[in-house]
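Q: Quick one, fold the following:
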Amino acid sequence: MAARASEPGAVREGGSAEGPLWLLLHELDDASAEPLRRCLAPAARAQGGELLSLPAPALLQARHWSLRMDSAGRTRSALQLGPHRIEGHRLRAVLNRLGPPRLAGTHADAAYQQQEWQAILSFWLASLPCPVLNPAHPTGLCGPQGSPSWWRLQASHAGLPAWPETSSPPPGREGRRLLVLGSHCLPDVQARAAMEPALRYWTSALPAFAARLDLALLEVWLCRDGAGRWVLDRADPRPELRQLDADLVAALLACLGLGPDRRGQVLPRTAAGSDAWRLLPPTLPAEELHP
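A: So this is what the prediction gives:
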């Protein structure tokens, strides 16, 4: 049974106080949080560890934070949440779905406090000695929070076909949703059943595109342009994961080091803007891009 901490919504699943620990960080209204908890908790227990599911209010009401640098220049962190003490050496991976801190108060005070908490949480996430999926970004706690135009620009810079930055696709235009999970990229179940040749280009290219932005998890929406090609329309580093089939579960567990081989399959951390991470031009046959 899950033991609830005194802070709102903190849920601990199995394990011992000193065993390996996986964290699921999420918003209170995140509809994907409960399906993810049900998926990850048994896998953590199977490895003698535990999953701690923490909604944002639990983090903001923590009894004690400790962030210090040791003699070797490494940051050590500890966080006290009710009966739970989260220390960096126990952590194996963090699945991070946090949005901007939500604080009550006057407009001016709330804005100032939100900036403070954004900085504290960003620093804490960066200090953790384990994979964080996804790491904080200057524009968001779980990766870049860009407009569709921003994502199209990033795709263009990476050599991927994208919808024009200055306009939006007309309503009703055909679309496809793809999910990047580490080195895997999977279309929706319906699209997977009859995979279009044109989508194979995207399932091959998108993991490297996400890694270029330090993202292990990414939801990407494609649409058809005027020539009938699939092009990138928009993306979201906090993918909707309410429906988890066997393929998605296997890819997700591999990312978090919870798969059969217990090794995370996340692509290496990238250097922003590095040409070494620029995608190569498409080498697939023309029909792969032009169905």
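Q: List the contacts of the closest residue to Glu174 other than its chain neighbours.
A: Leaving aside its sequence neighbours, Glu174 sits nearest to Arg224 (C-beta to C-beta, 6 or more residues apart in numbering; 5.3 Å). In this view, the C-beta of every residue, glycine as well, is placed from N, C-alpha and C. Residues in contact with Arg224 (C-beta atoms under 8 Å, 6 or more residues apart in numbering) are 173-174, 230-231.
Q: Between the residues you listed, identify the one with the most neighbours.
A: The residue in the contacts of Arg224 with the most neighbours, by other C-beta atoms under 10 Å, is Trp230 (23 neighbours).
Q: residue contacts, the nearest residue in space to that residue that is not next to it in sequence?
A: The spatially closest residue to Trp230, leaving aside those adjacent along the chain, is Leu222, at 4.5 Å (C-beta to C-beta, 6+ apart). Leu222 makes contacts with 175-178, 202, 230-233, as judged by C-beta under 8 Å, 6+ apart.
Q: what about Leu222, distance to Pro169?
A: 10 Å (C-beta to C-beta, to the nearest Å).
Q: Now the common contact residues for these two.
A: Common neighbours of Leu222 and Pro169, using C-beta under 8 Å, 6+ apart, are 175, 233.
Q: who does the nearest residue to Pro239 once chain neighbours are set aside bridge with?
A: Counting by C-beta to C-beta, 6+ apart, Glu219 is the residue found nearest to Pro239 once chain neighbours are left out, at 3.5 Å. Beta-bridge pairing for Glu219 (DSSP bridges): Leu179, Asp236.
Q: Please look at Glu219 and Arg176 and confirm they touch.
A: No. Using C-beta atoms under 8 Å as the test, Glu219 is too far from Arg176 to be in contact (11.4 Å).
Q: on that earlier part again, out of the contacts of Leu222, give me the two with the largest separation.
A: Pairwise distances across the contacts of Leu222 peak at 14.1 Å for Arg177 and Val231 (criterion: C-beta to C-beta).
Q: ok, which stretches of the stretch 101-250 of the chain are strands?
A: For the stretch 101-250 of the chain, applying DSSP state E, counting those that start in this stretch gives strands covering 132-133, 175-181, 184-187, 217-224, 230-236.
Q: how about CSV for these, with mean pLDDT added?
A: What follows is the strands of the stretch 101-250 of the chain, written out as CSV (pLDDT from 0 to 100):
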stretch, mean pLDDT
strand 132-133, 94
strand 175-181, 94
strand 184-187, 92
strand 217-224, 95
strand 230-236, 96
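Q: how about TSV for the ones you listed, with distance to Gly88 added?
A: Formatted as TSV, these follow (distance: least, C-beta to C-beta, whole Å):
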stretch	distance to Gly88
strand 132-133	11
strand 175-181	24
strand 184-187	27
strand 217-224	21
strand 230-236	28
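Q: Of all these, which one comes closest to Leu252?
A: Closest to Leu252 of these is strand 175-181 (C-beta to C-beta; 5.5 Å).
Q: burial measure for the spatially closest residue to Gly143 that is not a sequence neighbour, as a count.
A: Computed as C-beta to C-beta, 6+ apart, the closest residue to Gly143 that is not its neighbour in sequence is Pro237, at 3.1 Å. Neighbourhood size, Pro237 [other C-beta under 10 Å]: 27.
Q: Please consider this matter closed, and thank you.
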